[in-house]
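Asker: would you be able to build a 3D model of this:
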Amino acid sequence: MQRKTLLKILILFLVLNVVHVNAQHEDEHTESSELSLKESQKLERKEYIQHHLLDSYDFNLFSYKKDNGEKAHVGFPLPIILWDNGLQLFSSSKFHHGETVAENNGNYYKIDHNKIYKTDASGTINYDDHHHAINDKPLDFSFTKGAFMILLTCILMFLLFTSLAKSYVKNGGISKGFGRLFEPVVLYIRDDIAIPNIGEKKYKRYMPYLLTIFFFIWFLNIFGLTPLGVNVTGNIAVTVALALLTFLITNFTGTKDYWKHIFDPLGDTLPWFGKIPLYIILIPIELLGIIIKPFSLLIRLYANMQAGHIVLMSLIGLMFFFKSWFGSTLSFGLSFAISLIEVLVALLQAYIFTMLSALYFGFAAEEHEHHDEASAH
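Answerer: Next up, the predicted model:
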């Protein structure tokens with residue numbers, strides 16, 4: 001009797017233990033599936049932000065999933081121009097948004113980390129120990145999304161300001177048409193940026209560049225806030241090119257007094273033997289300042305526009321994180337407020353870049369009074 005009782009207790013214990021293990025396994029499986037779902041959503045949000053910030057070989061407006069689960073993209077391709085044992089010209093649609101291998105004239109190419117590499121028919125990409133692709137990379141002259149927006153902005157500016165100039169000629173110096181909206185901005189750049197910083201004698205030679213750089217940066221910044229999703233001024237290569245133009249104009253138009261201030265900052269205040277110990281420190285600082293000025297221009301524009309887009313995209317991504325009417329409403333409200341601030345920042349960054357460029361031009365064009373006195377005698 002006791003043996004039967006002990007046997008029943010042992011069987012009951014084993015059954016409960018099995019049930020507990022199965023339940024624990026199901027809980028762990030549920031937790032792991034929830035964790036993997038959260039990780040996949042987090043990765044998706046990260047890829048969404050990076051897709052907006054980085055350049056691409058096609059113009060993708062938006063994407064959606066069809067009823068069968070297939071992802072559909074809405075946009076248009078751009079031309080791919082490569083030099084790989086000759087000119088390779090084909091459409092970016094062959095890459096299918098970076099998902100497939102593109103074949104052209106018997107050569108195979110694949111996009112990896114937003115760069116085109118030469119590969120085989122199966123799309124093999126080899127990596128080194130630091131996970132850097134070691135495949136051959138052809139010379140890439142492709143027309144990317146950023147280059148397309150730069151060209152579009154240049155065409156828009158050309159049409160806008162040629163029409164404004166023609167209206168001045170036809171109407172006796174009075175502007176008409178859509179270009180008239182920008183006339184106050186042009187006058188502001190002339191009267192409050194160029195003349196005060198450069199001077200009335202030499203400001204006209206710098207006005208074409210100042211007007212071009214202001215409207216170029218402003219229009220590109222505004223385009224970056226549209227659903228087109230093009231962050232051109234958030235590309236450091238673009239800001240480097242703009243700052244390099246300011247650097248070259250400043251130094252190639254510099255007067256004798258400008259260069260004398262760099263290599264002889266103390267002038268005639270001390271004898272030459274008294275200046276030598278000081279110049280060991282002062283001249284390298286002045287030369288370093290020549291480089292620091294354009295560097296501050298490119299970093300300021302790049303960092304402000306890049307940070308603004310990251311914050312805006314992160315707030316939009318929070319809608320998919322909260323998944324509730326309260327959290328999504330709060331995220332939308334913050335995103336809308338940041339978007340309004342970004343409109344102001346877009347104009348402000350164009351103003352700052354133009355103002356500092358005019359200030360540097362003023363330093364380069366400055367002439368001291370002793371030249372006027374010498375010419376008078």
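
Asker: contacts and neighbour counts: CA atoms only from here.
Answerer: Will do.

Asker: my hunch is that Lys118 is in a helix, does that hold up?
Answerer: No - counting by DSSP: H, G, I helix; E, B strand; the rest coil, Lys118 is not found in a helix; it is strand.

Asker: name the nearest residue to it, ignoring sequence neighbours.
Answerer: Using CA to CA, 6 or more residues apart in numbering and skipping the chain neighbours, the partner closest in space to Lys118 is Tyr109 (4.6 Å).

Asker: for Gly254, same thing?
Answerer: Ala364 (4.2 Å).

Asker: name all residues that make contact with Val343.
Answerer: Ile222, Leu225 (CA atoms under 8 Å, 6 or more residues apart in numbering).

Asker: ok, it to Met157 distance?
Answerer: 19 Å (CA to CA, to the nearest Å).

Asker: could you do Leu242 as well?
Answerer: Applying CA to CA to Leu242 and Met157 gives a distance of 17 Å.

Asker: do Leu54 as well
Answerer: On the measure of CA to CA, Leu54 and Met157 end up 25 Å apart.

Asker: three-state assignment of the residue nearest to Lys118?
Answerer: Following three-state DSSP, Tyr109 is assigned to strand.

Asker: neighbours around it, how many?
Answerer: 24 (other CA atoms under 10 Å).

Asker: beta partners of it?
Answerer: Beta-bridge partners for Tyr109, by DSSP bridges, are Ala102, Lys118.

Asker: right, and it touches Ser122 too?
Answerer: No - when contacts are counted by CA atoms under 8 Å, Tyr109 is not listed as touching Ser122 (10.1 Å).

Asker: returning to what we had before: contact partners for the residue nearest to Lys118?
Answerer: Applying CA under 8 Å, 6+ apart, the residues near Tyr109 are Val101, Ala102, Glu103, Ile116, Tyr117, Lys118, Thr119, Asp120, Gly123.

Asker: pLDDT value on the residue lying closest to the third one once chain neighbours are set aside, please?
Answerer: It refers to Glu103. Nearest non-adjacent residue to Glu103, counting by CA to CA, 6+ apart: Tyr109, 6.5 Å away. For Tyr109, the pLDDT comes out at 91.

Asker: repeat that for Pro284.
Answerer: You'll see Pro284 listed with a pLDDT of 84.

Asker: so how far is Pro277 from it?
Answerer: As judged by CA to CA, Pro284 and Pro277 stand 12 Å apart.
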